[in-house]
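Novice: Have a look at this prediction, sequence included:
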Amino acid sequence: MSKNAIVALEGVTKSYGLVQALGQTDLVLDEGEFVTLLGPSGCGKTTTLRMVGGFEFPSTGRILIDGRDTTYAAPFDRPVNTVFQDYALFPHMTVAQNIRYGLTVRGANLSASEVSSRVEHALALVGLTKFADRRPAMMSGGQRQRVAMARAIARRPRVLLLDEPLSALDVKLREGMQVELKRIHRELGITFLMVTHDQGEAMALSDRVVVMQAGRICQIGKPEDLYDSPASPYVADFIGGANLISGTWIGREAGRDRLALGPDRAELLREGQAVAGLSAGAAVLIGLRPDNLHLGDGPNAITGQVVEVLFRGDRIRIEFTPRGLASPIFAEVPRAALKNLQNLGPGSAVTFHIDAGDILLFADEAGK
């Protein structure tokens, strides 16, 4: 375990009767990290968060927080606090009273002056000093979320748990709160553990992301590492999105894989780390990131027919069916790239190319 570890899960599992919600899990969070548990509904991320917070107990294994075994400790008896998805504010209390309440319950042991000081500091940190006397019903969703943050922060936990904290906000508010979360994390310097199903949110906020599926950890890493070097087709598709196309591995020469794309066997060259266990003729999955597909002819050219063109502000999404493939794939290109292709639309012929270093490659276990 790292010398800077603040949270450690050692062989933790969780079952509800015959249903296993979390397989054997080992995870370490370092002091001051922002770590996000990312995955679809039912992957075990919220169960993991709740066990760290003390709202659920593991079936096996143990949880250490700040070097102490807290596996079966009550929530109030561990140095963590939680920001809930639905805010969980008291509607009859003012903002200041909501924050103060957590400082006066069992185990706080703070003087009146210390309580007032912490309330003022928490309000200032989230930018709500002027709203101290308002009730939650008089505030926007983003402001209520900041009240929930302030209440959790005021107890000065070693670890702050965030259960999908931005999911109830609209897109504009969510983007603003992402900036706020980054700032608050930087100023507090404590460990944040967040749960979300939004990969964009996870990548924007986190020092490390834990990608989960069906109760197991698939990959842990920095956002850029997960995006550039996903360990599986699932991670490639979940982090950033990827067109996954069946192909054939022809061979490898001078650090380059030769790949045949689809039944027409259009050849692509890939640069990157070798994939273990491949032999000539092996079935593979070829991953093409939409934003790595560039309009026009060039090395690793892919020609096809446009299915649809979707306007997305400064980006254009082009769905097209590559020659010889039955299903379409899509590319995301800058709007400026279409300046000389104004008549591009369904049925148009189109060519894209991709750099050899941007092609992802995986053994196709299902295609063996």
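Specialist: Okay, I see it.

Novice: what's the neighbour count on Pro346?
Specialist: Each residue near Pro346 was counted by other CB atoms under 10 Å, and the total is 11. (Each C-beta comes from the backbone N, C-alpha and C, glycine too.)

Novice: repeat for Arg216
Specialist: Residues contacting Arg216 under the criterion other CB under 10 Å number 15.

Novice: and it, how far is that from Leu37?
Specialist: 12 Å (CB to CB, to the nearest Å).

Novice: swap in Asp69?
Specialist: Distance from Asp69 to Leu37, by CB to CB: 22 Å.

Novice: Quick check: which element contains Ile250?
Specialist: Taking DSSP states H and E as the definition, Ile250 sits inside strand 243-253.

Novice: Can you give the strand pairings for that strand, parallel or anti for each?
Specialist: Note on strand 243-253: by DSSP bridges, its sheet partners are strand 256-261 (antiparallel), strand 282-288 (antiparallel).

Novice: Send over the next helix or strand after the first one as CSV, restricted to the C-alpha atoms.
Specialist: Secondary structure here is assigned by DSSP H and E; on that basis, the next helix or strand after strand 256-261 toward the C-terminus is strand 266-271. Listed in CSV are the C-alpha atoms of strand 266-271, where the atom choice follows Å, rounded to 0.1, in the frame of the first residue of the first chain:
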residue,chain,number,x,y,z
ALA,A,266,-8.8,-2.9,-47.1
GLU,A,267,-5.4,-2.7,-45.5
LEU,A,268,-4.5,-0.4,-42.5
LEU,A,269,-1.2,0.1,-40.9
ARG,A,270,-1.1,0.6,-37.1
GLU,A,271,1.8,1.8,-34.9
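
Novice: Show me the longest helix that occurs in this protein.
Specialist: helix 171-188 (DSSP state H).

Novice: Show me which positions of that one end up buried.
Specialist: By 16 or more other CB atoms under 10 Å, the buried positions in helix 171-188 come out as Leu173, Arg174, Met177, Gln178, Glu180, Leu181, Ile184, His185.

Novice: what's the answer for stretch 149-168, then?
Specialist: Buried residues in stretch 149-168 (16+ other CB under 10 Å): 149-155, 157, 159-166.

Novice: Of those, which belong to helices?
Specialist: Per DSSP H, the subset of the buried residues of stretch 149-168 in helices is Met149, Ala150, Arg151, Ala152, Ile153, Ala154.

Novice: Closest one of these to Ser116?
Specialist: Ala154 (10.8 Å; CB to CB).

Novice: Quick one: residues contacting the residue nearest to Met212 when sequence neighbours are not counted.
Specialist: Excluding its sequence neighbours, the residue lying closest to Met212 (CB to CB, 6 or more residues apart in numbering) is Gly39, at 3.7 Å. Neighbour list for Gly39: Lys45, His197, Val211, Met212, Gln213, Phe238 [criterion: CB atoms under 8 Å, 6 or more residues apart in numbering].

Novice: re earlier: could you check the angle the strand holding Ile250 makes with strand 266-271?
Specialist: 70 degrees (axes from the mean of the first three to the mean of the last three CA atoms, to 10 degrees).

Novice: Could I get the CA-only coordinates of strand 243-253 as PDB?
Specialist: The C-alpha trace of strand 243-253 is given here as PDB (Å, rounded to 0.1, in the frame of the first residue of the first chain):
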ATOM      1  CA  ASN A 243     -15.900   2.700 -33.700                       C
ATOM      2  CA  LEU A 244     -15.100  -1.000 -33.200                       C
ATOM      3  CA  ILE A 245     -14.800  -2.900 -36.500                       C
ATOM      4  CA  SER A 246     -14.100  -6.600 -37.000                       C
ATOM      5  CA  GLY A 247     -10.900  -7.200 -38.900                       C
ATOM      6  CA  THR A 248      -8.000  -9.600 -39.500                       C
ATOM      7  CA  TRP A 249      -4.400  -9.400 -38.200                       C
ATOM      8  CA  ILE A 250      -2.100 -10.000 -41.100                       C
ATOM      9  CA  GLY A 251       1.200  -9.600 -39.300                       C
ATOM     10  CA  ARG A 252       3.700  -7.200 -37.700                       C
ATOM     11  CA  GLU A 253       6.800  -5.600 -39.300                       C
END
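
Novice: What separation is there between the residue nearest to Met212 and Cys218?
Specialist: 8 Å.

Novice: so what sits against both of those two?
Specialist: Val211, Met212.

Novice: looking at it, Ala202 is touching Leu193, isn't it?
Specialist: No: if you go by CB atoms under 8 Å, Ala202 and Leu193 don't touch, sitting 11.9 Å apart.

Novice: Tell me the residues that contact both of those two, please.
Specialist: The contact sets of Ala202 and Leu193 overlap at Thr36 (CB under 8 Å, 6+ apart).

Novice: what is Asn81 paired to in the beta sheet?
Specialist: Beta-bridge partners, per DSSP bridges, of Asn81: Leu160.

Novice: could you measure Thr248 against Arg186, distance?
Specialist: 48 Å.

Novice: my bad, should have said Thr351
Specialist: 45 Å.

Novice: Same question for Ala282.
Specialist: Applying CB to CB, the value for Ala282 to Arg186 is 46 Å.

Novice: Over to Ile220?
Specialist: Ile220 is 22 Å from Arg186, by CB to CB.

Novice: go on, Leu22?
Specialist: 31 Å.

Novice: for this structure, which spans come out with low pLDDT?
Specialist: 1-3, 106-108, 168, 366-368 (pLDDT under 70).
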